[in-house]
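>>> whatever this is, show me its structure:
(2 chains)
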Amino acid sequence: MCREAREIEHPGENIVPVTPVDQRTLGTRLREAREARNWTQRQVADRLQVARTTVVAIEKGERRVKPAELVELAGLYGQPVSDLLQRGAPAEDLAAQLRGALAAAPVDSDLLPHLQEFQALCEDYARLEALCEAPLRRRYPPEVELRAVDPEVAAEDVAAGERSRLALGEGPLLNLREVLEADVGLRIFQMDLPPEAAGLFVFTQALGCCIAVNRQHPPEERRASVAREYGHFLTSRHRARITLAGRYERRPAAERFAAAFARAFLVPAAGLRRRFLEVERERSRGVTLGDLCRLAHFYAVSVEAMTRRLEEVRLVPSGTRDRLRLEEPHVREAQRLLGLGRLGADDEILPPRFVALAVEAWQKGDLSEGQLARLLRTDRLGARERVWRLETTSGEGGETIDLAAPLLARSAG
Amino acid sequence: MPARTRQGGLLLLDACCLINLFASGRIEAVLGLLPYRFATSELVADREVLSIRGAPRTSGEPERVALTPRDFERAGDLEILPVTSEREQAQFVRFAAELDDGEASVCALAVVHGGGVATDDRKALRILGRVGAEVPAMWTIQTPELLFEWARRSGAAAPEIRDALRAIADRASFYPRLGVPRYDWWVRSLR
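Have a look, this model is predicted:
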């Protein structure tokens, strides 16, 4: 195109203050970006018209990458230059753990891009916390040793212990995501994963426990997946994991524990027993399918999961699930007749605290609007809408609430 | 850094200002009436997802309308500049360590070509303020000042000004921060 803008000379131009960029970190990010595209160092060197050893040196942080090279590399890898510069050092062993989990998972779909996005979400969260000086408080329970115990029995016990530790009582746990984030310190995302993937789990010292569940699954299943991944954290937190829906022929002990823990944590035995017996007392002819639907709705689990749980705590005979043949359309019709709406879907990819921190950082001027939009996985208008929702406008002046303002002034010293 | 008006000079529109001008429904008038050579970067024009909300609908959320700055380039009202020279790329990479690519490209072009940057972004304004001390040919301006100038030069009546400012709030979820230049005028005009 015709360029009419002329460059001007001014003496101050070369002393623009910027955030120093660590060449080693940038090199690592460039290597990750190249690998994500399945490019070899040779191919990249050919495109840049440099020696392969130059690409090797850049990726090791031994040679400073020139601005024009960085722009070209970002273009090749389809990544914004700002992302490469700003993402900081990768969390220790996070990518390696996720690669290990991928190698162990018999998946048909290409999960690698999803794992990279999961990694980005976890790192973004940590970066926001550092920016806002608001680390997520961790209240992790000790790891559960599964040797020489029945996983299902142990799960029941641990679930009751966790409920008690977190003062959750024995009722339904509707705001599961918020509770596990605020009271335990888990980072829980919802991602659009391939249908066979139910959940992702990873733990590092720097990031803590991070979980992603499949946003495409029904809300009840997602809640079960969150609880199950928490179960993984309790028994084997130092190994990343990809949980596949119904893919285990012979489930390992940790998997059996996690599934049983999820059921017991979401529907505690004592509370269920009391409620079930109350219903039973009211019914001269026994508990009905409608009662089952109501119980499932009360605990925000699927009817199938509730029936299984009732079998597990021996309130209904085993085999009830098979006898009822709880097919989805049949259950939905029953729920409709009973006026039981579907569980209010929390479809947010990001935890509410992540969004609040991002908006706070933007309000303080620590993030630009473009950065805010990228962090919130939306465009600029979407980012503004999130801010608009979090800020309360009042009066003609449109004065806003400053989320970053401390409620009480702290005395010095 | 105080806003300085450089009549006839290059004024680079950041994505946030561009969205606001589109949302006002008066972008053609602003580009035509104000005494600047309006421009934006290729990264903003072609890579950013720029949209505003459409007209309200009887039910449901209003549709989104995609913005196409290239239309204004074709009409000759807006230049769209690439970041290609060594100096532009060096500045772009420096700004990209703190801003996103679109914002960084606009700032880099302004530094190299000695223009103004139209942005409402607090972080961008802060960084440009730092840089501005060393680059006197660069200056900044914000949406309320652009709309104020449009209102003054067009002689628009109060109801039209109010409609334009309301449209920016309704279609682009933008309201100026307390204390920005022409904030009081904005608030008064909305009454």
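>>> list the buried residues for the top helix by length along chain A?
The residue-count maximum for a helix in chain A (DSSP state H) belongs to helix A:112-132. If you call a residue buried by 16 or more other Cβ atoms under 10 Å in any protein chain shown, then helix A:112-132 has these buried ones: A:114-119, A:121-129, A:132. (Glycine included, C-beta is placed from N, CA and C.)
>>> pull the distance from it to the chain's centre.
How far helix A:112-132 lies from its chain's middle: 9 Å, per Cα atoms, centre = their mean, to the nearest Å.
>>> following element in sequence after that helix, please.
helix A:151-165 (DSSP states H and E).
>>> run a quick neighbour tally on the residue of chain B found nearest chain A.
Nearest residue of chain B to chain A (Cβ to the nearest Cβ) works out as B:Glu134 at 2.6 Å. A total of 16 residues lie near B:Glu134 under the criterion other Cβ atoms under 10 Å in any protein chain shown.
>>> that one: what secondary structure?
coil (DSSP: H, G, I helix; E, B strand; the rest coil).
>>> thought A:Phe388 was touching B:Ala172?
For residue A:388 the amino acid is Trp, not Phe. No. Assessed by Cβ atoms under 8 Å, A:Trp388 is found out of contact with B:Ala172, at 10.2 Å.
>>> neighbour count winner among the two?
A direct count of neighbours by other Cβ under 10 Å for A:Trp388 and B:Ala172 places B:Ala172 higher, at 25 against 16.
>>> would A:Ala212 count as being in a strand?
Yes. Assessed by three-state DSSP, A:Ala212 belongs to a strand.
>>> please enumerate the helices of chain B.
Under DSSP H, chain B gives helices at B:15-24, B:27-33, B:42, B:70-74, B:86-96, B:101-113, B:122-132, B:143-154, B:158-172, B:183-190.
>>> any low-confidence regions in the stretch 151-300 of chain A?
A:246-250 (pLDDT under 70).
>>> residue numbers of it in contact with chain B?
Selection of the stretch 151-300 of chain A residues close to chain B by Cβ under 8 Å from any Cβ of the partner chain yields an empty set.
>>> pick out the residue in the stretch 151-300 of chain A sitting closest to chain B.
Nearest residue of the stretch 151-300 of chain A to chain B (Cβ to the nearest Cβ) works out as A:Asp192 at 17.9 Å.
>>> neighbours around that residue, how many?
Neighbour tally, A:Asp192, other Cβ under 10 Å: 10.
>>> list phi and psi for it.
Per-residue torsions, A:Asp192: phi -90, psi 90 (degrees, to the nearest 10).
>>> which non-adjacent residue is nearest it?
A:Arg215 (5.3 Å; Cβ to Cβ, 6 or more residues apart in numbering or on different chains).
>>> quick one: secondary structure of the most centrally placed residue in chain A?
When chain A is reduced to its mean C-alpha position, the nearest residue by Cα atoms, centre = their mean turns out to be A:Phe189, at 2.1 Å. The three-state label given to A:Phe189 by three-state DSSP is strand.
>>> what is it paired to in the beta sheet?
A:Ala212 (DSSP bridges).
>>> distance of it from A:Ala96?
Distance, A:Phe189 to A:Ala96, by Cβ to Cβ, to the nearest Å: 20 Å.
>>> hmm, back to that, could you list which of the buried residues of helix A:112-132 also contact chain B?
Answer for the buried residues of helix A:112-132 near chain B: none qualify (Cβ under 8 Å from any Cβ).
>>> and which of those is nearest A:Ala45?
Nearest to A:Ala45 out of the buried residues of helix A:112-132 is A:Gln116 (Cβ to Cβ; 23.2 Å).
>>> wait, that closest one sits on A:Ala36?
Yes. Using Cβ under 8 Å, A:Gln116 makes contact with A:Ala36 at a distance of 5.8 Å.
>>> quick revisit: what sits against the residue nearest to A:Asp192?
A:Gln190, A:Met191, A:Asp192, A:Leu193, A:Arg222, A:Asp347, A:Ile349 (Cβ atoms under 8 Å, 6 or more residues apart in numbering or on different chains).
>>> and it, backbone torsions?
phi -70, psi -20.
>>> the one 5 residues further on now?
Phi and psi for A:Glu220, reported as degrees, to the nearest 10, are phi -60, psi -40.
>>> skipping adjacent residues, who's closest to it in space?
A:Ser302 (4.4 Å).
>>> the one you found: neighbouring residues, count only.
21.
>>> mind checking how far it is from B:Ser51?
Relative to B:Ser51, and taking Cβ to Cβ, A:Ser302 is found at 37 Å.
>>> same question for A:Val71.
Distance from A:Val71 to B:Ser51, by Cβ to Cβ: 26 Å.
>>> my guess is the residue nearest to A:Glu220 meets A:Pro219, correct?
No. Taking contacts as Cβ under 8 Å, A:Ser302 lies outside contact range of A:Pro219: 9.5 Å.
>>> dump the residue contacts of the residue of the stretch 151-300 of chain A closest to chain B.
A:Asn214, A:Arg215, A:Gln216.
>>> show me the contacts for residue 124.
All of this is about chain A. A:Phe354, A:Leu375 are the contacts of A:Asp124 under Cβ under 8 Å, 6+ apart.
>>> hmm, no, I was thinking of chain B.
Applying Cβ under 8 Å, 6+ apart, the residues contacting B:Ala124 are A:Ser368, B:Asp14, B:Leu99, B:Glu103, B:Cys107, B:Val117.
>>> mind putting these in TSV, distance to A:Leu48, pLDDT and neighbour count included?
Formatted as TSV, the contacts of B:Ala124 follow (distance: Cβ to Cβ, whole Å; pLDDT from 0 to 100; neighbours: other Cβ atoms under 10 Å in any protein chain shown):
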residue	distance to A:Leu48	pLDDT	neighbour count
A:Ser368	29	97	28
B:Asp14	30	97	33
B:Leu99	25	96	30
B:Glu103	26	97	31
B:Cys107	26	96	29
B:Val117	31	96	27
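>>> which of those sits closest to A:Leu310?
Nearest to A:Leu310 among the contacts of B:Ala124, with distances taken as Cβ to Cβ, is A:Ser368, at 53.3 Å.
>>> for chain B, see how far away the closest one is.
4 Å (Cβ to the nearest Cβ, to the nearest Å).
>>> what separation is there between the residue lying closest to that residue once chain neighbours are set aside and A:Arg353?
Take A:Ser368 and drop its neighbours on the chain: the residue closest to it by Cβ to Cβ, 6+ apart is B:Lys123, 4.2 Å away. Distance, B:Lys123 to A:Arg353, using Cβ to Cβ: 21 Å.
>>> looking at those two, which is more packed in?
Between B:Lys123 and A:Arg353, counting by other Cβ under 10 Å, B:Lys123 is the more crowded of the two (23 against 17).
>>> which ones are touching the more buried one?
A:Trp362, A:Gly365, A:Asp366, A:Leu367, A:Ser368, A:Gln371, B:Glu98, B:Leu99.
>>> what subset of those is buried?
Of the contacts of B:Lys123, these count as buried by 16+ other Cβ under 10 Å: A:Trp362, A:Asp366, A:Leu367, A:Ser368, A:Gln371, B:Glu98, B:Leu99.
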